[in-house]
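Undergrad: Please find the sequence and the predicted model below.
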Amino acid sequence: DVQQIFGSALKKDRQAAASFLQQMGIRSSGSAPEMIIREVTKVFTYIGFRVGGLGYGPRFRCLNPTHVAGVEGDLASLKAVACLQISDEADDWEKELQYHP
């Protein structure tokens, strides 16, 4: 419903509608800092772990490419996400873990 109302108003007079919305406190330009997302390959992920003192063997290297997101220059905003792909040779109990070493 909201999309239809604003959509038709913006089509009629985009500049006036944008000005009105801005006067009402709705920002038309982005107010949040720009998020940057980068892919970290499997090799570099595990090199980073090794440098940090964690030496995972081949069986426990189940992270596929990791994606890191954050605001450039703000280390506190960094977040990482990855998909675990458990080895086909893993025991049943390993596949049921809610976390992985």
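TA: That came through fine.
Undergrad: Identify the residue nearest the geometric centre of the chain.
TA: Among the residues of the chain, A69 comes closest to the average C-alpha position under Cα atoms, centre = their mean, at 4.9 Å.
Undergrad: bridging residues for it?
TA: Counting by DSSP bridges, A69 forms beta bridges with I37, K79.
Undergrad: ok, now how distant is it from V51?
TA: A69 sits 22 Å away from V51, going by Cβ to Cβ, to the nearest Å. Yep, even glycine has a C-beta here, placed from its N, CA and C like the rest.
Undergrad: circling back to that earlier point, list the contacts for the residue nearest to the centre of the chain?
TA: M35, I36, I37, R38, L78, K79, A80, V81 (Cβ atoms under 8 Å, 6 or more residues apart in numbering).
Undergrad: same deal with Q85?
TA: C62, N64.
Undergrad: which stretches of the protein aren't confidently modelled?
TA: For the chain, the stretches flagged by pLDDT under 70 are 1-2, 27-31, 100-101.
Undergrad: where along it do the helices fall?
TA: 2-12, 14-23, 42-51, 92-95 (DSSP state H).
Undergrad: What angle do helix 14-23 and the first one make with each other?
TA: With axes from the mean of the first three to the mean of the last three Cα atoms, to 10 degrees as the basis, helix 2-12 and helix 14-23 are set at 130 degrees to each other.
Undergrad: what comes up buried for helix 2-12?
TA: Going by neighbour count (16 or more other Cβ atoms under 10 Å), nothing in helix 2-12 comes out as buried.
Undergrad: that older thread, can you name the two of the contacts of A69 that sit furthest apart?
TA: Using Cβ to Cβ, those span at most 14.1 Å, a distance reached by I36 and V81.
Undergrad: I'd like the distance between E39 and A16.
TA: Distance of E39 to A16, computed by Cβ to Cβ: 43 Å.
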